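Visitor: what's the 3D shape of this:
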Amino acid sequence: MSGYYLGLDIGGTKCAVILGEAKPEGGVRILERTALLTSSLKKWEDVLKALCVRGGTMLENLEDGRSRLQAVGISCGGPLDSRRGVILSPPNLPGWDQVPAVSFIRERMDRPVFLQNDANACALAEWKYGAGRGCRNMIFLTFGTGLGAGLILNGKLYTGTNDMAGEAGHVRLSPHGPVGYGKEGSFEGFCSGGGIARIAATKVLERLQRGEHPSFCPDYLSIGSLTAKDVSEAAGRGDPIALEVFEESASYLGYGLSILVDLLNPERIVIGSVYARSEKLFRETMQKIMKQECLPDSLGVCEVKAAQLGDQIGDYAALSVAIDGVTGVQ
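Guide: Purely as a prediction, here's the structure:
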């Protein structure tokens, strides 16, 4: 449906308001964006009020802004209840307990308001405007700080019985390994920014204890500050330990994707963040494992692609929640 849409991207560090315009022929154009620090305001009520005020100002700067506003979409880390429109104590938002976000914003904006967790919202965005265009069955994996998934099945976002569908990061791939999602050897433990840093820290410690000095972490004091970016840059320079780290992560990515391919039979898997930035370090090993593990007929119809929306994915995600809420895709 053409018109204006507001997206609210709520995060533990920053929140953003995005004004977009949906075109009759399809697609959405971002007109304006503004952000604020979440911690700059003490209560969730103050944060949501500030976002509404900023959104209202954006609309007032357009001649017909208020009258053409169709809906507001909220993208926020879970857990949450999208059907009741309530945010349920996300770990990155202390004090945001049982927050009636949808009703609170609907009162102030006088338009339909829709809420989704950030992985689902990003799945909608990549499906409609990014690497998932043209699919009916798509899986989106965040592969950032953690590993979450959004599922597009039979042309619709699938959220499960209580918005818990897609928690792929919690699947245990090995009895032992880096901890992610509170579980040793989990998919997230092996395949996330934090997981890559933990794998690297273990391997670096082994080398240091043998008297070696890895180029990207030459002493014990450096271990605690290791990041996936550090390891990726070292791998790009050909550092053997960094390449070994990515080989391990890529192997488990292949095992994890194989489960998803055999279980859900998608036509496309879209992976963001760390994978999108370092695809060359993952692809060969990942594909080798998938060829070994997947049902051939399922793998034959599935392609794995890097996410296309880059740093703007959060903006498109929040707008996608609003647009798809109105058009009935959800």
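
Visitor: for this protein, what spans make up the helices?
Guide: 44-60, 65-68, 101-109, 118-129, 187-190, 193-209, 228-236, 240-264, 273-277, 279-293, 296-300, 313-327 (DSSP state H).

Visitor: worst mean pLDDT among these?
Guide: Comparing mean pLDDT across these, the weakest is helix 65-68, with a mean of 85.

Visitor: what's next to it, contact-wise?
Guide: 3-4, 58-60, 62 (C-beta atoms under 8 Å, 6 or more residues apart in numbering). Every residue, glycine included, has its C-beta placed from N, CA and C.

Visitor: now it, how far from the centre of its chain.
Guide: 30 Å (C-alpha atoms, centre = their mean, to the nearest Å).

Visitor: may I have it as CSV, with CA atoms only?
Guide: Provided in CSV are the C-alpha atoms of helix 65-68 (Å, rounded to 0.1, in the frame of the first residue of the first chain):
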residue,chain,number,x,y,z
GLY,A,65,2.6,13.6,6.1
ARG,A,66,0.1,12.9,8.8
SER,A,67,-2.8,12.1,6.4
ARG,A,68,-0.7,9.7,4.3
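
Visitor: quick one: buried residues of that helix?
Guide: Within helix 65-68, the residues that count as buried by 16 or more other C-beta atoms under 10 Å are residue 65.

Visitor: could you do stretch 144-152 as well?
Guide: 144, 146-152.

Visitor: follow-up on the earlier one: now, of the contacts of helix 65-68, which are buried?
Guide: 3-4, 58-59, 62.

Visitor: redo the residues you listed as CSV? Include distance to residue 318.
Guide: What follows is the buried ones among the contacts of helix 65-68, written out as CSV (distance: C-beta to C-beta, whole Å):
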residue, distance to residue 318
3, 16
4, 14
58, 13
59, 16
62, 18
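
Visitor: which two from the residues you listed end up farthest apart in space?
Guide: Using C-beta to C-beta, these span at most 13.9 Å, a distance reached by 3 and 58.

Visitor: ok, for the most centrally placed residue in the chain, nearest residue in space, not its chain neighbours?
Guide: Centroid check for the chain by C-alpha atoms, centre = their mean gives residue 142 as the closest residue, at 3.6 Å. Spatially, and ignoring its direct neighbours in sequence, residue 142 is nearest to residue 148 (4.6 Å; C-beta to C-beta, 6 or more residues apart in numbering).

Visitor: tell me the contacts of residue 77?
Guide: 10-12, 90-93, 117-118.

Visitor: ok, residue 233 touching residue 216?
Guide: Yes - under the criterion of C-beta atoms under 8 Å, residue 233 makes contact with residue 216 at 7.2 Å.

Visitor: higher neighbour count, those two?
Guide: residue 216 (19 against 14; other C-beta atoms under 10 Å).

Visitor: tell me the confidence at residue 330?
Guide: 41.

Visitor: mind checking how far the most far-flung residue of the chain relative to its centre is from residue 223?
Guide: Most distant from the centre of the chain: residue 211, at 39.1 Å, with distances by C-alpha atoms, centre = their mean. With distances taken as C-beta to C-beta, to the nearest Å, residue 211 is found 16 Å from residue 223.

Visitor: give the rounded mean pLDDT of stretch 168-181.
Guide: Across stretch 168-181, pLDDT averages out at 94.

Visitor: the buried residues of stretch 144-152 into CSV, with extra columns for distance to residue 306?
Guide: Output for the buried residues of stretch 144-152, formatted as CSV (distance: C-beta to C-beta, whole Å):
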residue, distance to residue 306
144, 13
146, 18
147, 15
148, 17
149, 15
150, 16
151, 18
152, 17
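
Visitor: tell me which two of these sit farthest apart.
Guide: Maximum distance among these (C-beta to C-beta): 20.0 Å, for 146 and 152.

Visitor: dump stretch 27-47 to PDB, restricted to CA.
Guide: In PDB, the C-alpha atoms belonging to stretch 27-47 read as follows (Å, rounded to 0.1, in the frame of the first residue of the first chain):
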ATOM      1  CA  GLY A  27       9.700  -1.000  -3.100                       C
ATOM      2  CA  VAL A  28      10.300   1.600  -0.300                       C
ATOM      3  CA  ARG A  29      12.300   4.800  -0.200                       C
ATOM      4  CA  ILE A  30      13.900   6.000   3.000                       C
ATOM      5  CA  LEU A  31      13.200   9.700   3.300                       C
ATOM      6  CA  GLU A  32      14.600  10.600   6.700                       C
ATOM      7  CA  ARG A  33      16.300   8.900   9.700                       C
ATOM      8  CA  THR A  34      17.100  10.100  13.200                       C
ATOM      9  CA  ALA A  35      18.600   8.300  16.200                       C
ATOM     10  CA  LEU A  36      19.000   8.700  20.000                       C
ATOM     11  CA  LEU A  37      20.900   6.900  22.700                       C
ATOM     12  CA  THR A  38      18.600   4.500  24.500                       C
ATOM     13  CA  SER A  39      20.500   5.200  27.800                       C
ATOM     14  CA  SER A  40      19.900   9.000  27.500                       C
ATOM     15  CA  LEU A  41      16.400   8.500  28.800                       C
ATOM     16  CA  LYS A  42      15.700   6.500  32.000                       C
ATOM     17  CA  LYS A  43      12.300   5.000  31.400                       C
ATOM     18  CA  TRP A  44      10.900   3.100  28.500                       C
ATOM     19  CA  GLU A  45       8.000   5.500  28.500                       C
ATOM     20  CA  ASP A  46      10.400   8.400  27.900                       C
ATOM     21  CA  VAL A  47      12.100   6.500  25.000                       C
END
